[in-house]
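Undergrad: Predicted coordinates and the sequence they were generated for:
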Protein chains: 4
Amino acid sequence: MVLLEFSMSPFDKGDSLSEYVARSLDIIDKSGLPYQLTPMGTILEGEWDEVMAVVTACFKKMSGDCKRVSTSIKIDYRAGKSGRLKSKIRSVEDKLGRTLST
Amino acid sequence: MVLLEFSMSPFDKGDSLSEYVARSLDIIDKSGLPYQLTPMGTILEGEWDEVMAVVTACFKKMSGDCKRVSTSIKIDYRAGKSGRLKSKIRSVEDKLGRTLST
Amino acid sequence: MVLLEFSMSPFDKGDSLSEYVARSLDIIDKSGLPYQLTPMGTILEGEWDEVMAVVTACFKKMSGDCKRVSTSIKIDYRAGKSGRLKSKIRSVEDKLGRTLST
Amino acid sequence: MVLLEFSMSPFDKGDSLSEYVARSLDIIDKSGLPYQLTPMGTILEGEWDEVMAVVTACFKKMSGDCKRVSTSIKIDYRAGKSGRLKSKIRSVEDKLGRTLST
C-alpha cells in the first residue's frame, strides 16, 4: 500500500485555481479510495495502480481544457502497512506524548 | 503570506522514521506559527522568512546526528492572503457544493 | 507531451543509494524514451502514459526488495510541445542573452 | 554540503514562463555558487545557508511583481561530501558500467 500526495494546477488560468481543483476532487471523491484533502494537496491511500489511476483521470480531465498543467506527486510505500492516513500522525503524537495540530 | 509544506527524513536510520519526525514537530509546535500535520508532511503558514527559519531549525537538528537527510518543500505564495490553512479547503468545498474528507 | 522528473529511493538500505538508482536507470535507458539524468533525478519526455509506465516499472522493481520506498515526481505538461528537454534551457538562455551552466 | 534543486513559477502570467525563470537564473548565475540548469529546475551546491539565501533572493524578486508564486524545493544533504553535482552521476554510471544521457 502507498500513500500518494499530489497537487495539479493549470498555469494558464490566472491565480484562482479552486474551480480546477474542485473538478479533480470530484473525481477523487467518487473513486472510492480513502483520501484526505489538505491545504496543499490531496493524499490518497491504496495500491500503486489504484492511486495512479486516479491521478491519471484527473490529468486527462485537466489537460482537456488547459494548455499548461503542473503536477507534483510524492509517494510513500511501506510494505504491508495500511491505514496509514491515520496511523502516521498517531505515531508521531505518541513519540511526543502530546496531541498536535492536524 | 505563504503556505509551506515540508517533509524531512534521514536516509541512514532504517524504515521507521517517526522518532525523527517527532523531534521536528516539537520545534514546529513551539515556533508559535499556525501549522497542520498531515500524513505526508507539515504545512506552516507565515511570512517567507518566518517559515524558512522553522525549516532551517529542523534541518540543523536533524543534520546534527544523521549523515544523510532528504528534504522536500512546496511553497504557495499568494499576495495579501492569510488564514489559508482553512480557506483553501473551504473554497474547494464551496465550488463542489459538498463537504470533503479532510 | 510531458516532461516528467522523478527520483525514487529506498529508506531501509543505508545512505549510499547509487546501486538502487542504477537499477532504475537501466530500466529507463532501455525504455527508448528521451531522458536526462541529473544529480537530483531523471527527466523523461513522452506522452503521459509512456512516462508513467517507466516510473511504474522502476517502482515494481524497487518495491520487490525494499520495504520502504520514497518517490517524488514533477510533471510539466504543455499542449503541442515536444523536444523540450533541449528547448526549455535554450529559451532561458535566449532571454538572458548568455549561456548558462547546464 | 547540500544539493538543492528548485523551481519557482508565477501562476498569474500565462503559460510562457521563461522570462521569469531568466530573472531567477540571473540571480543564481551571479551568486557564485556551482549550479546546473536542467529542463525542470536548477540545482545548487553549497552550505544550507548559502543555497537558501539564493532561493530567498529569487523569491523576493518574483513576489515583487507576481501575485501568486509556486515554489518546489528538494534538498539532499550528505555529511562531508562536496563536488556531488558531478560525482552522483558518475557513481550511477560506474555501477551500470556504461555512460548515460546527461
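TA: Happy to help now that I have it.

Undergrad: the longest helix in chain A is where?
TA: Criterion DSSP state H: the longest helix present in chain A is helix A:48-65.

Undergrad: and the helix or strand following that one, how far out from the chain's middle?
TA: The first helix or strand that comes after helix A:48-65 along the chain, using DSSP states H and E, is strand A:68-78. Its chain's average C-alpha position is 8 Å from that of strand A:68-78, according to CA atoms, centre = their mean, to the nearest Å.

Undergrad: Partner strands of strand A:68-78, with direction?
TA: Strand A:68-78 sits in its sheet next to strand A:2-10 (antiparallel), strand C:68-78 (antiparallel), going by DSSP bridges.

Undergrad: The helix or strand just after the last one - contacts with which helices or strands?
TA: The reference is to strand C:68-78. Going down the chain from strand C:68-78, the next helix or strand is helix C:84-96, by DSSP H and E. Helices and strands touching helix C:84-96, by 3 or more CB pairs under 8 Å, 6 or more residues apart in numbering or on different chains; DSSP states H and E, are strand C:2-10, strand C:41-46, helix D:18-31, strand D:35-38. Placement of C-beta: from N, CA and C, glycine included.

Undergrad: change it to 10 Å
TA: strand C:2-10, strand C:35-38, strand C:41-46, strand C:68-78, helix D:18-31, strand D:35-38 (3 or more CB pairs under 10 Å, 6 or more residues apart in numbering or on different chains; DSSP states H and E).

Undergrad: What about contact with chain B: does the third one have any residue there?
TA: No. Counting by CB under 10 Å from any CB of the partner chain, chain B has no neighbours in strand C:41-46; the shortest distance is 11.6 Å.

Undergrad: between that strand and helix C:84-96, how many degrees?
TA: Angle of strand C:41-46 versus helix C:84-96, following axes from the mean of the first three to the mean of the last three CA atoms, to 10 degrees, is 110 degrees.

Undergrad: Tell me the secondary structure at the closest residue to A:Glu50 other than its chain neighbours.
TA: Distance criterion CB to CB, 6 or more residues apart in numbering or on different chains; nearest residue to A:Glu50, sequence neighbours excluded, is A:Leu33 at 6.2 Å. Three-state assignment for A:Leu33 (DSSP: H, G, I helix; E, B strand; the rest coil): coil.

Undergrad: now chain A, which segments are flagged as low pLDDT?
TA: The model of chain A has pLDDT under 70 over residues A:15.

Undergrad: Pull up the gap between A:Val92 and B:Ser70, please.
TA: With distances taken as CB to CB, to the nearest Å, A:Val92 is found 18 Å from B:Ser70.

Undergrad: who has more neighbours, these two?
TA: Ranked by neighbour count (other CB atoms under 10 Å in any protein chain shown), A:Val92 and B:Ser70 place A:Val92 first, with 24 against 21.

Undergrad: my guess is A:Asp26 contacts A:Val54, does it?
TA: No. At 11.5 Å, A:Asp26 does not count as touching A:Val54 under the criterion of CB atoms under 10 Å.

Undergrad: Who has more neighbours out of those two?
TA: Between A:Asp26 and A:Val54, counting by other CB under 10 Å, A:Val54 is the more crowded of the two (22 against 17).

Undergrad: and the more buried one, what is it in contact with?
TA: The contact partners of A:Val54, by CB atoms under 10 Å, 6 or more residues apart in numbering or on different chains, come to A:4, A:6, A:24, A:27-28, A:30-33, A:35, A:42, A:44, A:46.

Undergrad: If any of these are buried, give me the PyMOL selection for them.
TA: Applying 16 or more other CB atoms under 10 Å in any protein chain shown to those, the buried members can be selected in PyMOL as follows:
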select buried, chain A and resi 4+6+24+28+31+33+35+42+44+46
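
Undergrad: Tell me the one of the contacts of A:Val54 nearest chain B?
TA: A:Tyr35 (5.6 Å; CB to the nearest CB).

Undergrad: Quickly list what the closest one is bridged to.
TA: Taking DSSP bridges as the rule, A:Tyr35 bridges to A:Leu44.

Undergrad: quick one: it and A:Leu4 touch, right?
TA: Yes. The criterion here is CB under 10 Å, and A:Tyr35 meets it with A:Leu4 at 9.4 Å.

Undergrad: Can you work out which residues contact both of these two?
TA: Joint contacts of A:Tyr35 and A:Leu4 (CB under 10 Å, 6+ apart) are A:Thr42, A:Ile43, A:Leu44, A:Glu45, A:Gly46, A:Val51, A:Val54.

Undergrad: is it true that A:Pro10 touches A:Phe59?
TA: No. Applying CB under 10 Å as the test, A:Pro10 and A:Phe59 come out as separate, 11.2 Å apart.

Undergrad: list residues touching both of those two?
TA: Common neighbours of A:Pro10 and A:Phe59, counting by CB under 10 Å, 6+ apart, are A:Val69, C:Tyr77.

Undergrad: Pull the number of nearby residues for A:Ser7.
TA: 21.

Undergrad: whoops, A:Ile73 was the one
TA: When neighbours are counted by other CB under 10 Å, A:Ile73 registers 21.

Undergrad: Pull up the gap between it and D:Ser63, please.
TA: To D:Ser63, A:Ile73 is 25 Å away according to CB to CB.

Undergrad: And for A:Thr38?
TA: Taking CB to CB, one finds A:Thr38 at 23 Å from D:Ser63.

Undergrad: Now do the contacts for the spatially closest residue to A:Arg98 that is not a sequence neighbour.
TA: Excluding the flanking residues, the one nearest A:Arg98 by CB to CB, 6+ apart is B:Asp29, at 8.0 Å. The contact partners of B:Asp29, taken as CB under 10 Å, 6+ apart, are A:Leu96, A:Arg98, A:Thr99, A:Leu100, A:Ser101, B:Tyr35, B:Leu37, B:Thr42.

Undergrad: Can you check these and name whichever has the most neighbours?
TA: Busiest of the contacts of B:Asp29 [other CB under 10 Å] is B:Thr42, holding 25 neighbours.

Undergrad: didn't it look like it was pressed against B:Lys74?
TA: No. Using CB under 10 Å as the test, B:Thr42 is too far from B:Lys74 to be in contact (11.4 Å).
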